[in-house]
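Engineer: predicted model follows, preceded by the sequence.
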Amino acid sequence: MPTYHLNINGSKSKIDTEADIPLLYILRDYLELNGPKFGCGLSQCGSCAVLLNGKPTNSCMLPVSTIGDAEITTLEGLESSEGQLHTVQQAFVNEQAAQCGYCLNGMLMSAVGLLNTNSNPDEKEIRNALQGNLCRCGTHTRIIRAIKTAAKNL
Amino acid sequence: MTVKPLRTRRKFLKDLGYISVGFTLLGACTGVEDPIMAARVDYDGKLPGSMGRANTVNAWLEILDDGSIRILSGKVELGQGIRTAIQQVAAEELDMDLEKVQVQLAETGRTPNEGYTGASASIQNSAMSVRYAAATARQELLGLASKKLNAPITELLLYNGIVKSKPDNKSLTFAEILEGVQIEKQVSLPVPIKDKKEHRYVGKAIPRTDIRDMVRGQAIYIQDLRFPGMVHARVVRPPGYTSQLISIDDTTLRSEVRGVLKTVVKGSIVAVITEREYQAIKAEKYLRNHTEWTTPIAFPEYNNLYAHIKEDATGSETVKSVGDVTAASKETDTLKARYTKPYIKHASMGPACGIAMFDGEILHIWSHSQGIYPMREALSTMLSLDSEKIHITAVPGAGCFGHSTADDAAADAALLALEYPNTHVRVQWSRQDEHSWDPYGPAMIVELEAGLDENNNINFWKAEVWTDSHSTRPNKNAGTVLTARYLEPPHQMKSRGYLGGGLRNADPYYSIPNMTVNAHYYDGPLRTSSLRSLGSFTNIFAVESLMDTLAEKAGQDPLEFRLKHLEDERAIAVLQKVKALTISQQSADGEGIGYAFMRYKNTDAYIAVAAKVAIDKNNGKVNLLKMWAVVDVGEVINSDGLTNQIEGGMIQAASWTLKEQVTFNTKEITSSDWQKYPILGFSEIPEVEVAIINRPSEDAKGAGEVPLPPTAAAIANAIYKASGKRVFDLPITPDKILRA
């Protein structure tokens, strides 16, 4: 079995595994990170998103063999080492932008990815950035509000 | 003992910053004042249904040694925020910090059997049971403390886990009062509950504490639960409902897929157990290609669904009859219309998951089932295992909005755990199985006929409702869980489940002198069960669409037309309020506002919804601009939790209304993933605004299902206003608008 050295949340993880296994299963099943969620395995819903070099990327169909040295940030890696929530995380808490919260990982990843490249997005840009993220509880309007709040507080 | 709650209670005050605190705090020794106890009033009404099976204080509430309280609820958390609501109610009655109240959700043998978490009933059952249990606990604690402190109850203060005697400043903690025993007193009427005017938590927008865990990836869902040595499994579901296994050849499985521990074949159940999760996915794919199945019974043609439903329905049953519809209909011109709704999915974001471990004696199961006690009965029958030998713990899942696939995944795991004992076996469903094997909300047909008298009042109303079962939830009939239907011998459904759900809100809440509702039950091609609001969604879509058509025929404003047919002041109030909220709205060409009203189940919460749309006349595209809701659920427990439920429910219903339908061809269900079953996405989400009419003196009613039914009709009515096109067949797609 090949060995992979992945940059995850600022540290190196050594994984012996099959080459075709998607990143999501490395994160959840091998590294026990619960942030990224299994939602479809088809790259359709966004629940499994991580930041790959700062860019929101679905991890459920992304083979581990293609990742190389890319920096992977999961939900667990957003807060500071002192346990301070990321501005986007705090905004979601303040706006109570969740019901079941299962999709939240993807929402946060898309939001952080958007704000990484556009610190003052308008409503349309927020909606576009989150178009690949599905939510069944209907908390969309709170999520949009949380991202606007986060942009103000960045 | 001297009271020393200074630090905690300062923090408490800080946490409550924005809430007016009903008492001033702290004792003379620390230079601050004693709290003033809020007044109590005797509650002498009905005790909640859940108390019928568990009516002692300790069934609902335990006093812990560290001074905190543990609430035992038989309900499960599915994103609705029930934990916070229950916490608020308990902390209120016992005058405690919220953080000193923990809530344990359903576990067999531990929490009360509250049946299913559904029907918007958790507030009125679980939270209200907790209110009366906590209030009874307070009385009992005061009584016991009075003896121990040698002071009359009138001289005692009870707050934040202590009881204190005012004259001598002595106090005891709850744990010291009880000395290791719990309160076994029965809850009996009258119960002295806190005067609602003095509420500090209840009715307020108390933030949910679990959202902080969610944004950090620390909230544990069933899919996140891990145990040492846990193994992974997948079930190879057959090509169709009635397929049976002919043969399986797994001879090269272990050479092609690493980590395979066991292949399980039981009747027509084929499953594989592996070390790692992705190995199970690969092994399932292998087995899918190495099994042969009988061809399932063909489905009817999808385009012929509603004709098929009518052909299949046997007989008709009059479920409501007031006055004489036949005579009244002869005296007037009548309006007739047929409304249809296809099968709709629960479409949870998290596919079902179940974990089980058989330790040689007890079968332990972890599940996001909505009813662990009833599920235990089904599994007991399926496995021929005494239900006392099955221990189930509820674990939160993704929002599922009714009876979905959670119980089926738990049944899969239970079966496999017996085949692979002493190890935790985790079964994760795929998205395709979740979409294809879901017990859908059934397709329905509603045919209405109504007429106006000479004063343009409705003088008769006739409804014909075609419906399949709206609940096939687990019970002692093992056929209610999918797994059991494929064992040898198979367990089949022994009953049709809850057919009456299809008739919910079929009889309008309006004053109509002559009314008949006839039910027609069909047994359709797809598996069905309860989906948020059951038949109310289709019935209110039909009723409130026709109300607009009748108003137009009467030449009256749709809101005024509704108001003149209502006598209930609370119903009138929600409509008046929605009118006030929307009165300043201007509609440009191609835009329109539509309204709808409902009293859920005709006995529970009141709601009025407005929708504003813009229609592109060239392509029929609907731009849903904004939705408003005014809701009256009686006493409000958590105003932000309520608002969140109403906002989310409107958005979900907008998705059902504009986009959703389960599709199939004669061979199989074809809406098997998110591309083939699209739901509303961010680019299509309307602005939403919710107004609450709080009535603390009225019973608290649930809200989860309430916003969905009127949303469909409000959108349909808005589309009509905007374009002159009325669509009777859900979902309302651009092509139907163009054709209308």
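Structural biologist: Sure, I can see it. Being a predicted model, the structure only gives us computed values, none of them experimental.

Engineer: B:N58: neighbouring residues, count only.
Structural biologist: 16 (other CB atoms under 10 Å in any protein chain shown). Any C-beta I mention is one placed from the backbone N, CA and C, and that applies to glycine too.

Engineer: same check, this time on B:V574
Structural biologist: The burial count assigned to B:V574 is 25, neighbours taken as other CB under 10 Å.

Engineer: ok, it touching B:R695?
Structural biologist: No. B:V574 lies out of contact with B:R695 (CB atoms under 8 Å); the separation is 11.2 Å.

Engineer: shared neighbours of these two, anything?
Structural biologist: B:D632 (CB atoms under 8 Å, 6 or more residues apart in numbering or on different chains).

Engineer: just the strands in chain A please.
Structural biologist: A:3-8, A:11-16, A:50-52, A:55-57, A:71-73 (DSSP state E).

Engineer: out of these, which one sits most buried?
Structural biologist: strand A:50-52 (a mean of 24; mean count of other CB atoms under 10 Å in any protein chain shown).

Engineer: B:A413 falls within a helix, correct?
Structural biologist: Yes. According to DSSP: H, G, I helix; E, B strand; the rest coil, B:A413 belongs to a helix.

Engineer: pLDDT score for it?
Structural biologist: B:A413 carries a pLDDT value of 98.

Engineer: now do B:G52
Structural biologist: Confidence score, pLDDT, at B:G52: 88.

Engineer: how close does it get to B:G641?
Structural biologist: Separation of B:G52 from B:G641 (CB to CB, to the nearest Å): 26 Å.

Engineer: in contact with residue 41, which residues are there?
Structural biologist: Since you didn't name a chain, this refers to chain A. Neighbour list for A:G41: A:P22, A:L24, A:C60, A:M61, B:I281, B:S430, B:R431 [criterion: CB under 8 Å, 6+ apart].

Engineer: you looked at the wrong chain, it should be chain B
Structural biologist: B:P192, B:I193, B:K194, B:D195.

Engineer: which residues does the residue most central in space within chain B contact?
Structural biologist: In chain B, the centroid-proximal residue (CA atoms, centre = their mean) is B:G118; its distance is 4.3 Å. Contact analysis of B:G118 by CB under 8 Å, 6+ apart lists B:Q370, B:G371, B:G402, B:H403, B:S530.

Engineer: could you pull up phi and psi at it?
Structural biologist: phi -170, psi -170 (degrees, to the nearest 10).

Engineer: tell me the domain boundaries of the chain?
Structural biologist: No chain was given, so I picked chain A. A:3-77, A:87-153 (automatic domain parsing).

Engineer: was after chain B, sorry
Structural biologist: B:6-202, B:224-295+B:348-437, B:315-339+B:440-739.

Engineer: pipe those into JSON lines and attach distance to A:L33 per row.
Structural biologist: Shown next, in JSON lines, are those (distance: least, CB to CB, whole Å):
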{"stretch": "domain B:6-202", "distance to A:L33": "22"}
{"stretch": "domain B:224-295+B:348-437", "distance to A:L33": "10"}
{"stretch": "domain B:315-339+B:440-739", "distance to A:L33": "24"}
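
Engineer: so which of those domains is nearest B:G217?
Structural biologist: For those, the distance to B:G217 is smallest for domain B:224-295+B:348-437, at 8.7 Å, taking CB to CB.

Engineer: residue of chain B closest to chain A, please.
Structural biologist: Residue of chain B nearest chain A, by CB to the nearest CB: B:G79 (2.7 Å).

Engineer: so what's the residue in chain A positioned nearest to chain B closest to, chain neighbours aside?
Structural biologist: Across chain A, no residue is closer to chain B than A:C100, which sits at 2.7 Å (CB to the nearest CB). Nearest non-adjacent residue to A:C100, counting by CB to CB, 6 or more residues apart in numbering or on different chains: B:G79, 2.7 Å away.

Engineer: any idea how far B:G399 is from the one you found?
Structural biologist: For B:G79, the distance to B:G399 - CB to CB - is 4 Å.

Engineer: which residues do the two both contact?
Structural biologist: In contact with both B:G79 and B:G399: A:Q99, A:C100, A:Y102, A:C137, using CB under 8 Å, 6+ apart.

Engineer: let's have these in TSV, adding neighbour count and pLDDT.
Structural biologist: Below are the shared contacts of B:G79 and B:G399 laid out as TSV (neighbours: other CB atoms under 10 Å in any protein chain shown; pLDDT from 0 to 100):
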residue	neighbour count	pLDDT
A:Q99	30	97
A:C100	29	97
A:Y102	28	98
A:C137	27	98
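
Engineer: can you put those in a markdown table and add distance to B:A352?
Structural biologist: Formatted as a markdown table, these follow (distance: CB to CB, whole Å):
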| residue | distance to B:A352 |
| --- | --- |
| A:Q99 | 18 |
| A:C100 | 14 |
| A:Y102 | 12 |
| A:C137 | 17 |
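
Engineer: and these, which of them are in helices?
Structural biologist: Of the positions in these, not one sits in helices, assigned by DSSP state H.

Engineer: does the nearest residue to B:G704 once chain neighbours are set aside count as helix, strand or coil?
Structural biologist: Spatially, and ignoring its direct neighbours in sequence, B:G704 is nearest to B:S120 (4.6 Å; CB to CB, 6+ apart). Under three-state DSSP, the three-state class of B:S120 is coil.

Engineer: for B:S120, list the residues it contacts.
Structural biologist: If you count contacts by CB under 8 Å, 6+ apart, then B:S120 has B:Y600, B:D604, B:A605, B:K701, B:G702, B:A703, B:G704, B:E705, B:V706 around it.

Engineer: helices - which of those residues land there?
Structural biologist: Per DSSP H, these never map to helices.

Engineer: quick check on the residue lying farthest from the centre of chain B: phi, psi?
Structural biologist: Of all residues in chain B, B:D168 has its C-alpha farthest from the mean position, at 50.1 Å, by CA atoms, centre = their mean. According to degrees, to the nearest 10, the main-chain angles of B:D168 amount to phi -110, psi 0.

Engineer: would you mind measuring from it to B:N505?
Structural biologist: In this view, B:D168 and B:N505 are 60 Å apart by CB to CB.

Engineer: also B:E99?
Structural biologist: Counting by CB to CB - B:E99 and B:N505 are separated by 40 Å.

Engineer: can you tell me the closest non-neighbouring residue to residue 104?
Structural biologist: Looking at chain A here, since you left the chain open. B:M214 is the one closest to A:L104 (CB to CB, 6+ apart), at 5.1 Å.

Engineer: the chain in question should be chain B.
Structural biologist: Of all residues not flanking B:Q104 in the chain, B:L72 sits nearest, at 5.3 Å (CB to CB, 6+ apart).

Engineer: isn't that neighbour right up against B:P112?
Structural biologist: Yes. Counting by CB under 8 Å, B:L72 touches B:P112, with 6.5 Å between them.
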